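>>> Got a predicted structure here, sequence first:
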Amino acid sequence: MHTVFLTIHVLLAIGVIGLVLMQQGKGADAGAAFGSGSSATVFGAGGSGSFLTRMTTALATLFFVTSLALAVIAANRGGDSDSVVDRAAPAAEQADPAGTAGDSDLPADEGASGSGATGGDSESDGDLPPIEE
């Protein structure tokens, strides 16, 4: 249902844009008076005002209706969230939140603390004395 309304909504938006671009501005009549072309005779003697205005009004009204329908559908969707923030982290990141399991730069004997780089052995590095203030 959501996809149907969204497709109709996009088509209506394209239609409204097209109709607005086809309409003439208020200054176009002055140009026609000086011989720059026919005065909108394609749409009949009444000009393009009434037909295009009515079509634009109809499409704009349908556009607003589909906007409201999409808002109601989105509000009633329930717990379905497409937000990245609401998604759960992958299982590998949940098991090791610090991200130390995937560190492939460190050799296997050094561990996460990097004790091999200081020259000490790994058993004594874990037992550091408390900092005295």
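That came in fine, so what should we check first?

>>> in the lengthiest helix in the chain, what counts as buried?
As assigned by DSSP state H, the longest helix anywhere in the chain is helix 49-75. Buried positions in helix 49-75, judged by neighbour count with 16 or more other CB atoms under 10 Å: 52, 55-56, 59-60, 62-63, 66, 69. Placement of C-beta: from N, CA and C, glycine included.

>>> could the residues you listed go into JSON lines alongside distance to residue 4 and pLDDT?
Formatted as JSON lines, those follow (distance: CB to CB, whole Å; pLDDT from 0 to 100):
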{"residue": "52", "distance to residue 4": "27", "pLDDT": "87"}
{"residue": "55", "distance to residue 4": "23", "pLDDT": "93"}
{"residue": "56", "distance to residue 4": "23", "pLDDT": "93"}
{"residue": "59", "distance to residue 4": "17", "pLDDT": "95"}
{"residue": "60", "distance to residue 4": "20", "pLDDT": "95"}
{"residue": "62", "distance to residue 4": "14", "pLDDT": "96"}
{"residue": "63", "distance to residue 4": "15", "pLDDT": "96"}
{"residue": "66", "distance to residue 4": "10", "pLDDT": "96"}
{"residue": "69", "distance to residue 4": "10", "pLDDT": "94"}
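
>>> got those as a markdown table, with distance to residue 19 columns?
As requested, the buried residues of helix 49-75 are arranged in a markdown table below (distance: CB to CB, whole Å):
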| residue | distance to residue 19 |
| --- | --- |
| 52 | 6 |
| 55 | 6 |
| 56 | 5 |
| 59 | 6 |
| 60 | 9 |
| 62 | 12 |
| 63 | 11 |
| 66 | 16 |
| 69 | 21 |
